[in-house]
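Chemist: predicted model and sequence below, questions to follow.
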Amino acid sequence: AEDLSFNFKTDGVQESMGFLASWEEVGDSTDLIDTEGKYLISFPRSFIEESPEKICIELFDSEKSDGTIETQVFINDKEDKDSWIFGESPVQKQTIEIKAEEKLKCFDFILPKTKESKGLLNIKVNFKDSTYSVNSFKEITILKKENYPLIQTDKGQYKAKDDVKFRVLLVDHNLKPSEIKTIEELWVEDPRNRRIVQWKDQGLDKGLMQQEFKLSEEPELGTWTINFKAGPLKEKTTFTVSEYVLPKFEVTIEPPAAVLRDTLEAEWKVCAKYTHGGSVKGQVKANFTSTYQRRTWRPPPPIVKNIEMLKIVSADDDCATVTLNSEQIKELTEKVDNFDLKIEFEEEGTGTTEKSKWSGSLVDEAIKLDIGSSSQQFILGGFPYVAEFSVNNHDDSPREDDIEVCVRLFKDANEIRNLFNRRGIWSMDEDEIAEIGKKMVEIKYSSKCHQLRSENGKIKFYVPMNNIPKDVTKLSIKATAINHPANETTKMKQPMRKLDVSLTHTTADLTLSVKEKQRSKISCGEDFKAKVYFSSKPSKEFDLHYHALSKGMIFKSGSIKVSTEQTNALESLVGQAKELSASESNNEKESIEGKVVSDQEIILPIDYKVSPSLKLVVFINDGNQTLTDSHTYDVEACQNHKVKAEWSEEKVYPGSPVTLSVAAEPDSLCAISATDKSVDLLGNKNKVTSETIGKLQAEIGDRKTSRSENYWEYQRKCPQTYDAIKVYESTGIQILTDLSFINSCETITDAKNEPEYEPEIMHSAVAFSAGGGQI
């Protein structure tokens, strides 16, 4: 027998608390052949105590036997919190059986209450036939259960002798009523921080309570504060007490869609409406102002420019139009781009005045040219790159216009950047500069420009991407509005947008891409169909795996058996898009022999669990390679509990009866508040609306996704592996897997023989498609 010892050393900052190491005996190098991955385990990076968290295991070995997955969590309950020393007994342990025919197993794991904020998750997977096993450890964050308070007031402003009515609502991270039953202390302070009224031990009914008090005849004017305390939870909000008069009408300003630098005239429409909907007659005082402040050590007084106007809204008019000509706009914006409009509307007869204001800036592009639903990552291997540009007027209406689209292919520029980073141009001689110059010229592999005209505000196109050399790493597409050239006199700029796409090469016979990467929000309460396209040989069978992730939670996982068709679905992929080549020869159009394009839909039910965003990750195991694509979709704000409120009539005369109908789930506790519209015109920041709850949902989700690990070793040695990990990490999910895109990366190196590290400049993300390697 021969003794073998290991001396592990690691980064003292990243692993300052220590690390776990394991090893196993392997055969000689001839036994280290590439093998297909057998499992992928996904779980949250952060666990909320006493709350179910989903853990999923996907198994790719069709010949496996029955097995088990054992999950246990250890905590550091020692006095030394700066080292990974754990108790021998886990705080929670769970064993789940896996049947031989099961490819996907998801289960809930609930952590009990603990004082610690960190834990060590140990996952063991074993099978009866002992073909392989898993025994891995991962650090997790343990989050305490939190309650989220909302304080609602019936108005935003009050005056003397008004009744101040308010509610307190406490919900948990699932937006369900809090477990807290009592608010221990509730009080209201005036602007001088004096307690004016207070209550003790206020009970909560399904997380809700309401209270009210009456202001005195001479209350302190200013900002008042409502405070409450329930155990460790504290919250406050403010309202205003003032000597106001309820507004009889509201003044609105309808600005132009854009104030262009070269415009001849710009109009603002000023309207005043009574709360019952009628138009107000009277006088409009308009004041355009701009302010320029010179930034120096001792700045002089600001330069303020004013343009005042007076308009009359007569009985024949509903609104007034305020106009600036080109000379007036130039005068206002001589030294600045932004300016303001302040409106005073005086009601005829009564002299009642209401105010409104608008702020804006000059726009230096004649039209809106934007990147549409276009991906910035692409895996080469059989189908074209499909994208679009949107062309709109500044009021967002679609526009038909002539656009030049230049398609370019570039080689990797990082080598040049790293040469300058290491050497610097001043240390190079003429021969070296000339040699680098040749390399810089060779970076552009091919280029071709096309003249197109937008239709219904869109330019849809596709670029053939076959036969691309392996040293070509970027597709760059530049769109220019040729009918709107730059003008040095007016300082107008020519609209131009550039779309850079990172290219990933793969040797696999199969590639995939997620289509419909739209930027608009997905509707709630509907099934969303994400279409995935494949390029492969006809009649090829494989499993498409997908993960739908949101707010640190595995929303849905699954796999679909896919059999590629004999016929080509390329027309379905490109639709009505125009073909744009990247070279004069159009060599990229030559098809890859024997390959066809197929598609598969993944149906995802969209509900409150994935609001406000959802990330879809898809992958395929093809031999010893893992092919992956992903996309994040924005989801409209929505909640689990559907509530509807409506009046029986839209408009009634004073004193007429009217009915308010409220619809909600059975046994719901409904809190109703109704105020005069004139009161609402004063504003109320304490409203609880669907938008308010949507922001709260995002805040709750950020708690589980904001923390991020530092994978600098992966980033330095295996950029594609790093990108793969970050796809999951960005949604608060961690993975354990032997798939090639992770397993092929060697992060442990021989310290004695490690080459000197030279930092590299990394610029663009890549789609990940990795093959297996020897370890």
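Modeler: On my side now, so go ahead.
Chemist: shaky segments in the stretch 501-650 of the chain?
Modeler: For the stretch 501-650 of the chain, the stretches flagged by pLDDT under 70 are 516-519, 566-567, 590-594, 623-624.
Chemist: cool, and the chain?
Modeler: 1-36, 78-87, 130-131, 373, 516-519, 566-567, 590-594, 623-624, 707-710, 749-775.
Chemist: name the nearest residue to residue 397, sequence neighbours excluded.
Modeler: Closest residue to residue 397 apart from its sequence neighbours, by Cβ to Cβ, 6 or more residues apart in numbering: residue 457 at 7.6 Å. For glycine as for every other residue, the C-beta is placed from the backbone atoms N, C-alpha and C.
Chemist: I meant residue 343, not that one.
Modeler: Nearest non-adjacent residue to residue 343 (Cβ to Cβ, 6+ apart): residue 356, at 4.7 Å.
Chemist: now for residue 336: which residues touch it?
Modeler: Residue 336 makes contact with 290-292, according to Cβ atoms under 8 Å, 6 or more residues apart in numbering.
Chemist: confirm it sits in a helix?
Modeler: No. Assigned with DSSP: H, G, I helix; E, B strand; the rest coil, residue 336 falls outside any helix and is coil.
Chemist: okay, it and residue 361: tell me how far apart.
Modeler: 9 Å (Cβ to Cβ, to the nearest Å).
Chemist: who are the neighbours in contact with residue 521?
Modeler: Neighbours of residue 521 in contact, by Cβ under 8 Å, 6+ apart: 634-636.
Chemist: considering these, which is situated nearest to residue 701?
Modeler: The nearest member of those to residue 701, counting by Cβ to Cβ, is residue 635 at 11.2 Å.
Chemist: now the closest one, what are its backbone angles?
Modeler: Taking degrees, to the nearest 10, you get phi -120, psi 140 for the backbone angles of residue 635.
Chemist: so what pairs up with it in the strands?
Modeler: Beta-bridge partners recorded for residue 635 (DSSP bridges): residue 522.
Chemist: and it, how many residues sit next to it?
Modeler: 22 (other Cβ atoms under 10 Å).
Chemist: that one: what's it in contact with?
Modeler: Residues in contact with residue 635 (Cβ under 8 Å, 6+ apart) are 521-522, 524, 606, 610-614.
Chemist: quick one: contacts of the lengthiest helix in the chain?
Modeler: Secondary structure of the chain per DSSP state H: the longest helix is helix 690-705. If you take Cβ under 8 Å, 6+ apart as the criterion, helix 690-705 is touched by 44-46, 48, 143, 146, 148, 150, 171, 173, 175, 550-553, 608, 611-613, 637-639, 730-732.
Chemist: among those residues, which ones are in helices?
Modeler: In helices, judged by DSSP H, none of the contacts of helix 690-705 are found.
Chemist: of those residues, grab the buried ones for PyMOL.
Modeler: Under the burial definition 16 or more other Cβ atoms under 10 Å, those of the contacts of helix 690-705 that qualify are selected in PyMOL by:
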select buried, resi 44+45+46+48+143+148+150+171+173+175+550+551+552+553+608+611+612+613+637+638+639+731+732
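Chemist: just the contacts of helix 690-705: which are in strands?
Modeler: 44, 46, 48, 143, 148, 150, 171, 550, 553, 613 (DSSP state E).
Chemist: still on that earlier bit, and the next helix or strand past the longest helix of the chain?
Modeler: Next helix or strand after helix 690-705 toward the C-terminus (DSSP states H and E): helix 712-717.
Chemist: coming back round to it: now, which of the contacts of residue 521 sits nearest residue 721?
Modeler: Nearest member of these to residue 721, counting by Cβ to Cβ, is residue 634, at 27.7 Å.
Chemist: separation between the closest one and residue 201?
Modeler: Going from residue 634 to residue 201 by Cβ to Cβ gives 43 Å.
Chemist: try residue 521
Modeler: Distance of residue 521 to residue 201, given as Cβ to Cβ: 44 Å.
Chemist: same thing with residue 527?
Modeler: 48 Å.
Chemist: also residue 241?
Modeler: For residue 241, the distance to residue 201 equals 27 Å [Cβ to Cβ].
Chemist: which of these two has more residues huddled nearby?
Modeler: Counted by other Cβ under 10 Å, residue 241 and residue 201 do not tie: residue 241 has more neighbours, with 20 against 9.
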